[in-house]
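Asker: Got a predicted model here, sequence first, then my questions.
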Protein chains: 4
Amino acid sequence: MTVKTDIGTTTPDRITVRGKNISTEILGQFDFVDMIWWTTFARMPEQREKNMANLVLVMATDHGLTPSAISARLTYLGAPEALQGAVAAGLLGAGSVFLGSAQNVTEMLVRGAAPLTDEASDAQVRECARALVQEFRDARRPLSGVGHPIHIDGDPRIPTLAAVSRDNGYYGRHWRLMEAIAAVLREDFGRPLPLNAAGGVGAIFAEMGLDPLLARGLGLIGRSAGLVAHILEERESPTGQQIWDLVLAQDPRNALPVRQGARRA
Amino acid sequence: MTVKTDIGTTTPDRITVRGKNISTEILGQFDFVDMIWWTTFARMPEQREKNMANLVLVMATDHGLTPSAISARLTYLGAPEALQGAVAAGLLGAGSVFLGSAQNVTEMLVRGAAPLTDEASDAQVRECARALVQEFRDARRPLSGVGHPIHIDGDPRIPTLAAVSRDNGYYGRHWRLMEAIAAVLREDFGRPLPLNAAGGVGAIFAEMGLDPLLARGLGLIGRSAGLVAHILEERESPTGQQIWDLVLAQDPRNALPVRQGARRA
Amino acid sequence: MTVKTDIGTTTPDRITVRGKNISTEILGQFDFVDMIWWTTFARMPEQREKNMANLVLVMATDHGLTPSAISARLTYLGAPEALQGAVAAGLLGAGSVFLGSAQNVTEMLVRGAAPLTDEASDAQVRECARALVQEFRDARRPLSGVGHPIHIDGDPRIPTLAAVSRDNGYYGRHWRLMEAIAAVLREDFGRPLPLNAAGGVGAIFAEMGLDPLLARGLGLIGRSAGLVAHILEERESPTGQQIWDLVLAQDPRNALPVRQGARRA
Amino acid sequence: MTVKTDIGTTTPDRITVRGKNISTEILGQFDFVDMIWWTTFARMPEQREKNMANLVLVMATDHGLTPSAISARLTYLGAPEALQGAVAAGLLGAGSVFLGSAQNVTEMLVRGAAPLTDEASDAQVRECARALVQEFRDARRPLSGVGHPIHIDGDPRIPTLAAVSRDNGYYGRHWRLMEAIAAVLREDFGRPLPLNAAGGVGAIFAEMGLDPLLARGLGLIGRSAGLVAHILEERESPTGQQIWDLVLAQDPRNALPVRQGARRA
């Protein structure tokens, strides 16, 4: 019965992470992305990997009142003494539909692009895309990575994700396949569903050859930062009670609540 | 180094809970409240304890789109494959302000009623209440158990909680103290803050002589049932995306989203 | 944009659940299983449904230091002020492998038994079981509902689950199919993998014609009670620090920790 | 009824965070620490703030099989399809005792150092420390920031934290007060309880003048990265089942489990 991790060890006067002494070789010398790579892969990131990791972490951080931010704020309303619970509640929605779905896209692109090289012709990439779309339609499984309820003509972040990928040497067959999937949907199936954020992030992880699980993982790390920012704002400018009131007010069978602040002991 | 629990043991052909064989002495013979008592206290509940436990579990289950139900539904929107995540997200708001606050009330009443007997005069109970209110005001700590943003003239459940408590022999000094606190707030401090649900539940747990932590605990058990019901309804009649849209629509700087259903691949 | 629930409504003097006034028609009159049915289905359970619900809730409650109990205790070690976090952490493991897997079994049995009636011959049931086993093997998907690391000759709870099912009129084609699956694995494939708890619970939900998601849902409700009991015991007889020490001690590169209690300020 | 956030807005062709266009002004230009500052404070960090943020994030990431890593691994054992649940379970232990306790230290130091300036004499700092220790002892409240079950002669990370703080101009009255608390405990009360990690991190946040809640918040962000690394290792080299077995084996009333792998269908 062996239980051990290669991630780290602890003795009274020495803590190691992947074999390095945290006090003398890591703290003050590694930045956070270095540490993510070191802890996960036992190697330092190349500069271009750091650029991409920062890109993905920054993108996942936040962009307003997402479902995860709303859940976190409503959780904080009931348990302001436990920030960790509000952050956890916000992260729990990072599944197959939002945020976590970059994992599904990565898996799809790695599998789908297996027959291709980065030098494949546009026609070959297009053929692969067509086969993949057909497969998902036949199985009646939802295609991740395309379509968005607000950005119906294209997610404004996608051109930047693609440009940064290109600048760092990560725009190859997986990115091309992802873009071809959207083209096939639009041109062959009459479904104008441009790439969404998960599509771009999935393409990046597939290009980088990283474990698809890490696509979801970096999304969780980035989002945890956004949720902390939301809770700090919530404490100063509360929205939780108003969101609750707003939801109740949609059903005329409920009474409109009186303000809480005015009624507290 | 000993790590063991008195709750249960397992061998290939025998599972025990608190010393009873689950297969021959428990399953099919205990109902759920029996099992809660047996697992927690290693004894069966009296009938009147069962009545009160059912009362509290039923009350905690649900009453519409509470913050915990909204969090659970928004979590399910992102991760429909993980019901446990949606339920966990909903429970995480059961802290010092909502649901979990019955624990705080129980602690306050047990401590506050220590100088009283069940035969104390109304004046004595009133005096205790006044001291407690003054103590919380001096410390600028919020008093749990009174006040509600909607039920400003009294929570409609309180008379029933009190009546069932009386019928089961659990209406003594703690209930009287709780009611006296609201009277003192109204008459001496001009603050019309009637009992809320946590006030009633806290009084019940204090009367029963149960661990205050269990007041929060039974709240969690009951609410988990309500959250499961919400998710089953959410799957058939989704509200998560609409709640998200509704929240975004409150700020004119956001665009009104286009319906998701129409744009999915 | 409509956001509403049929579960309940709230006005200042009236709370309803599925149309009943909670104060005058529910509290003190419903027990917890009544309330689960009323909230979820808007109808009262039959007596035999209550018997089965209690059976399943009791079984899910607890049986010692399960992974969910250990997670809850370790979470409580770091955050004793937030019982809800410890319970949530324990529930989050109720996925496709443990506890939540009854959902997968229910889905498999409902689908697999579709061609059968309760009057089907043993040979017909056996044929269905063989097809199902073959299908999972061909797809290299793990079969839920059979096999257990400790109860290798059969889970001691299964005979009781089957007997209570029979007594309540819920032992039909789904139970027979589940038992036949284990027989086929043993006799045709040389794999002695008897039914586990998820197999029995899945058979019950399939027989009752309930939503498979509810199999996972009732598991969460029952387990929340077990986790509350664990945390109450943990507070009196802590195991969290010892479990941590025990795990660290498995790797000789770690030092044996000194007792925490002795070193606290 | 206003519900809005200053964190971000979304329209079909533009996403802003704190007023900047994420596509043209943020992505590819901000690194993750820039984004944490921008999202939380609507300003960019100074270089020395970035150095300290990286220091704290790196330190929180991981150092082996902590209670949070064990909880995450046990959660993954039951629900491998939901990485977000395993990460959330691990974060939920970041409360007042572990990881989250840096928040408590920050609050204590900000309050305790209020009468001091950075130029205060050692005797003045010592006097403040003595008053603080006495206050906690009188109130029988545990002092956070000192004492550790393993690092009984001093946490090896503290000298590095202090040195990096000094190099970046963040070693003033709060750090001095924290060190004086340990000295007072040792010399005046005979309690050799050197600074622990929370003590160092709390001193850093107090020096930086940041919201104490952010001390817990950055801890959650850093730890989420460590938990993702643990789950990636867990998938390749599972420990969850062994940890469960190990815990069960501590109680001779349990049977030693047979290996799971060998018994699966």
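Answerer: Good, I have the coordinates.
Asker: where along the stretch 101-250 of chain A do the helices fall?
Answerer: A:101-112, A:122-138, A:158-167, A:173-189, A:197-208, A:212-236, A:240-249 (DSSP state H, counting those that start in this stretch).
Asker: TSV please, covering these and showing mean neighbour count and mean pLDDT.
Answerer: C-beta here means a position set from N, CA and C on the backbone, and glycine is covered the same way. Formatted as TSV, the helices of the stretch 101-250 of chain A follow (neighbours: other CB atoms under 10 Å in any protein chain shown; pLDDT from 0 to 100):
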stretch	mean neighbour count	mean pLDDT
helix A:101-112	24	96
helix A:122-138	16	96
helix A:158-167	19	98
helix A:173-189	21	97
helix A:197-208	27	97
helix A:212-236	25	97
helix A:240-249	21	93
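Asker: could I get these as CSV with distance to C:Ala139?
Answerer: CSV is the format used below for the helices of the stretch 101-250 of chain A (distance: least, CB to CB, whole Å):
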stretch, distance to C:Ala139
helix A:101-112, 16
helix A:122-138, 16
helix A:158-167, 35
helix A:173-189, 25
helix A:197-208, 24
helix A:212-236, 20
helix A:240-249, 42
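Asker: out of those helices, which comes closest to D:Asp62?
Answerer: helix A:212-236 (12.4 Å; CB to CB).
Asker: dump the residue contacts of the residue nearest the centre of chain A.
Answerer: By CA atoms, centre = their mean, chain A has its centre lying nearest to A:Gly219, at 3.0 Å. The contact partners of A:Gly219, by CB atoms under 8 Å, 6 or more residues apart in numbering or on different chains, come to A:Val56, A:Ala60, A:Ala94, A:Leu99, A:Gly100, A:Ala102, A:Val201.
Asker: Include secondary structure when you put the residues you listed into TSV, please.
Answerer: TSV is the format used below for the contacts of A:Gly219 (DSSP: H, G, I helix; E, B strand; the rest coil):
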residue	secondary structure
A:Val56	helix
A:Ala60	helix
A:Ala94	coil
A:Leu99	coil
A:Gly100	coil
A:Ala102	helix
A:Val201	helix
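Asker: Among these, which ones lie close to chain D?
Answerer: Within the set of the contacts of A:Gly219, contact with chain D (CB under 8 Å from any CB of the partner chain) is found for A:Ala94, A:Gly100.
Asker: Next to chain C, which bits of chain A? Give me the list.
Answerer: Counting by CB under 8 Å from any CB, chain A sits next to chain C at A:1-5, A:9-12, A:79, A:81-82, A:84-85, A:88, A:92, A:247-248, A:250-251, A:253-255.
Asker: Tell me which of those residues fall in strands.
Answerer: In this view, the residues of chain A next to chain C that belong to strands under DSSP state E are A:Thr9, A:Thr10, A:Thr11.
Asker: Share the number of residues neighbouring the nearest residue to the first one once chain neighbours are set aside, please.
Answerer: Yep, that's A:Thr9 we're talking about. Leaving aside its sequence neighbours, A:Thr9 sits nearest to C:Arg253 (CB to CB, 6 or more residues apart in numbering or on different chains; 4.2 Å). With neighbours defined by other CB atoms under 10 Å in any protein chain shown, the count for C:Arg253 comes to 13.
Asker: what's the pLDDT at C:Arg253?
Answerer: Per-residue pLDDT puts C:Arg253 at 91.
Asker: can you put the ones in strands among the residues of chain A next to chain C in JSON lines and add neighbour count?
Answerer: JSON lines is the format used below for those (neighbours: other CB atoms under 10 Å in any protein chain shown):
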{"residue": "A:Thr9", "neighbour count": "22"}
{"residue": "A:Thr10", "neighbour count": "22"}
{"residue": "A:Thr11", "neighbour count": "14"}
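Asker: How is the residue nearest to A:Asp31 when sequence neighbours are not counted assigned, secondary-structure-wise?
Answerer: Leaving aside its sequence neighbours, A:Asp31 sits nearest to D:Asn54 (CB to CB, 6+ apart; 4.4 Å). Under the three-state scheme (three-state DSSP), D:Asn54 adopts helix.
Asker: Pretty sure D:Asn54 sits against A:Leu27.
Answerer: No. In this structure, D:Asn54 is not within contact of A:Leu27 by CB atoms under 8 Å, at 9.4 Å.
Asker: Need the overlap of contacts for the two.
Answerer: Counting by CB under 8 Å, 6+ apart, nothing touches both D:Asn54 and A:Leu27.
Asker: where does A:Arg14 fall, phi/psi-wise?
Answerer: phi -160, psi 130 (degrees, to the nearest 10).
Asker: OK, contacts around it?
Answerer: So A:Arg14 contacts A:Asn21, A:Ser23, D:Pro156 (CB under 8 Å, 6+ apart).
Asker: Report the buried members of the residues you listed.
Answerer: A:Ser23, D:Pro156 (16 or more other CB atoms under 10 Å in any protein chain shown).
Asker: and which of the contacts of A:Arg14 is nearest C:Arg130?
Answerer: A:Asn21 (59.0 Å).
Asker: Stretch A:204-217 close to chain D?
Answerer: Yes. Against chain D, stretch A:204-217 shows contacts by CB under 8 Å from any CB at A:Asp211, A:Leu213, A:Leu214, A:Arg216, A:Gly217.
Asker: Farthest-apart pair in those, please.
Answerer: The span of those, defined through CB to CB, is set by A:Asp211 and A:Arg216 at 9.7 Å.
Asker: quick one: common contacting residues for the two?
Answerer: Common contact partners of A:Asp211 and A:Arg216 (CB under 8 Å, 6+ apart): none.
Asker: low pLDDT regions in the stretch 1-150 of chain A?
Answerer: Scanning the stretch 1-150 of chain A for pLDDT under 70 picks out the ranges A:1.
Asker: Residue numbers of the stretch 1-150 of chain A in contact with chain B?
Answerer: The stretch 1-150 of chain A comes close to chain B at residues A:64-68, A:70-71, A:74-82, A:85-86, A:88-89, A:92-100, A:136, A:142-143, A:146-150, as judged by CB under 8 Å from any CB.
Asker: Only whichever of those are buried, select them in PyMOL.
Answerer: Command for PyMOL that selects the buried part of the residues of the stretch 1-150 of chain A next to chain B, burial taken from 16+ other CB under 10 Å:
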select buried, chain A and resi 64+65+66+67+68+70+71+74+75+76+77+78+79+80+81+82+85+86+88+89+92+93+94+95+96+97+98+99+100+143+146+147+148+149+150
